[in-house]
Every structure is written in structure tokens, then in C-alpha cells.
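S.K.: For reference, the sequence and a predicted model appear below.
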Amino acid sequence: MNLFDGSDPGKHVGFTVELATTDPDGWPRLALLSAGEIFTVDQTRLRIALWPESHTTANLTRTSRATLTFVHGKMAYNIRLRTCRGENLDTPGPLAVFDGRIIEIRREVAPYAELESGITFSLPNEESTVDRWRDTIAALALHAGCMPSGLG
């Protein structure tokens, strides 16, 4: 969870998290997030900032379920979440905010192979993007949040 504690988003430039949701037709949809869009509330909850008009926002609003997937420390992680939508952030935004309660964390490792990386990216305008990430994380940390309902 230290990856998403917001302490120094600049050190995670290039780190990519896949956010999987399900569209109305039952097909998986993937969104790519940075560490500047995810904040650890505590050991059982994450807060996520998304574009309000995105398919991912619509899917999460409708189903309240998501899976985060990423590679870190030579392992693949899958984090299942039950979510609820909070109030949008106006600054630096607008951004839709979702609180996610962790339902399950799975670590995948193969005894015969070591994962080197997942999806990575570079930023042509790194300084301004990292500044925006800091603003987003600060706003997520102060957000009132909501409590996702039931397990399963």
C-alpha cells in the first residue's frame, strides 16, 4: 500500500496500474492509472480519481466493482474492490472520486520466472504532471469519502 500513500508521486513516474471494470454488455474494460490517481486511505481502503465522463466512471458507478492489477517487486498483484462514488473533486479537476474497500489481494508469482515490469510510461511534461498528481493526491486525502457496501 506504500505505492499509493501519496508521499512522493514523482518517484513513481512510469508505474502503471490497470483498473478493470465491466461494461453494460458484460465485456471487461481496462483503464490505465498512475500512482497520481490512487491514494491509500488505510490498510483496507483506496481512493481513486477518474475522469468524470469516462467509460470507467460509468462502469464503476453502475456496478461498484473493480480490480486493480499491477506488477511490483517481481510479483503481479490483483486487488478486488467494492466501490462507492463520492462527490467530484473540483480541484484539480473535475475528477470523479471512488472509495474502494479491498475485498481481496492476490499475489501471483511463478517459481520458474520473475516479473521485471508491467506496463510503463514516460511523461513528456513530467514536472507539470507530477505537480497535478500532488494536487490530486492532496485533494483525495482530504476528501470526505464514502463507505462501500457489502462484500462479494
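M.R.: Perfect, I can see it now. Numbers count the residues shown, from 1 in each chain.

S.K.: going forward, measure contacts and count neighbours with C-alpha atoms only.
M.R.: OK.

S.K.: What does the pLDDT read for Gly93?
M.R.: In this model, Gly93 is scored at 78, pLDDT.

S.K.: same thing with Arg80?
M.R.: 97.

S.K.: Run through the residues that contact it.
M.R.: 65-68, 102-105 (Cα atoms under 8 Å, 6 or more residues apart in numbering).

S.K.: Between which two of the residues you listed is the distance greatest?
M.R.: The distance between the two most remote of the contacts of Arg80 (Cα to Cα) is 14.0 Å, for Arg65 and Ile105.

S.K.: Between these two, which is the more surrounded one?
M.R.: Arg65 (21 against 14; other Cα atoms under 10 Å).

S.K.: so what pLDDT did the more buried one get?
M.R.: Per-residue pLDDT puts Arg65 at 97.

S.K.: Find the residue closest to it in space, skipping its chain neighbours.
M.R.: In space, and not counting its chain neighbours, Arg65 is closest to Arg82: 4.8 Å by Cα to Cα, 6 or more residues apart in numbering.

S.K.: what's around Gln43, how many residues?
M.R.: Neighbour tally, Gln43, other Cα under 10 Å: 10.

S.K.: An error on my part: the question was meant for Leu30.
M.R.: Around Leu30 there are 19 residues (other Cα under 10 Å).
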